[in-house]
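Novice: with the sequence up front, the predicted model follows.
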Amino acid sequence: MLSKNDFKVSLRQTLEKNITLSHPIFIQLMVGEPNLKLLRFMTLQGYQLTKHFLSYVEHLFFHCPHARHKRLLLHNLYEEETGRLSKTKNHVELMRDFIRALGISDAERDAATPLPATRELIEYRLEHVRDPSRYHIGAAAVMIASEGQNLETKAGEARHTLLGARYGIKPQDSLFFSVHQKEDVGHVQQGIDLVGDLCDTEQKQQEALFAVDHTCKLFYGMYENIAQASRSLQVATSNAERPERHLA
């Protein structure tokens, strides 16, 4: 069994070695002609995650066995629901602002459904935050691996900054991402501290480390599924638009 400090270091190292920003889909978005269709498609899948995040935090708060960590989770919950700590608004509404800025209607947004890999990521986290016996796994998956996604940068710039500049998205329309990038520095550290206190056996430590690694890989798999589905949709659209040939 690792010491608590060594375990915390291992949790962060496991997060940092899984950089989903390295997925080729981000190169597609940033190189060559702007691909607004792909950005819209990816954003609608991201929205499927956003809709469930408050539920994850609610369960983590409800089942939290440590008073100090429970109070910190309450702050997180309050901000997600109201946006008052960041002086913005409900975080789902912030995401909806970004979606509208991309030219996606509310009807199209509400009609979107998760791809299989997106659904797998949603269900993996829900399954573990709902089960008190696997609370340490749920906390590692949500507070470290998931909140850590917003801390990734390329050449020192966050993905929302890079995409915003390329696609003409105003800063007020990407507040969802800028708020999370700032807040999640603290949230990830809170998650590492919580999981460090929870994991008092070697088995729990190994389960939590696996949860961080596996959740990051599920994010990567989601982007892979989005890329594949986008290519298939593009081929189907091209075939539908191709004029029929009639034999003489």
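Specialist: In hand now; what should we look at?
Novice: mind checking how far the nearest residue to H66 once chain neighbours are set aside is from S133?
Specialist: Spatial nearest neighbour of H66, chain neighbours left out: D197 (6.0 Å); criterion: Cβ to Cβ, 6 or more residues apart in numbering. In this view, the C-beta of every residue, glycine as well, is placed from N, C-alpha and C. D197 is 17 Å from S133, where distance means Cβ to Cβ, to the nearest Å.
Novice: who has more neighbours out of these two?
Specialist: Counted by other Cβ atoms under 10 Å, D197 and S133 do not tie: D197 has more neighbours, with 16 against 8.
Novice: ok now do that one, which residues does it touch?
Specialist: 4, 66, 69 (Cβ atoms under 8 Å, 6 or more residues apart in numbering).
Novice: report the secondary structure state of it.
Specialist: In three-state terms, and counting by DSSP: H, G, I helix; E, B strand; the rest coil, D197 is helix.
Novice: please shift the residue numbers so they start at 24 in all later answers.
Specialist: Got it, first residue is 24 now, which makes that one D220.
Novice: where do the helices sit along the chain?
Specialist: Assigned by DSSP state H, the chain shows helices spanning 27-39, 47-53, 59-86, 90-105, 114-124, 129-134, 139-152, 158-162, 182-190, 198-221, 225-264.
Novice: residues of the first one that come out buried?
Specialist: The reference is to helix 27-39. 30-31, 33-35, 37-38 (16 or more other Cβ atoms under 10 Å).
Novice: what's that helix packed up against?
Specialist: helix 198-221, helix 225-264 (3 or more Cβ pairs under 8 Å, 6 or more residues apart in numbering; DSSP states H and E).
Novice: which of the ones you listed has the lowest mean pLDDT?
Specialist: Among the helices and strands packed on helix 27-39, helix 225-264 carries the lowest mean pLDDT, a mean of 88.
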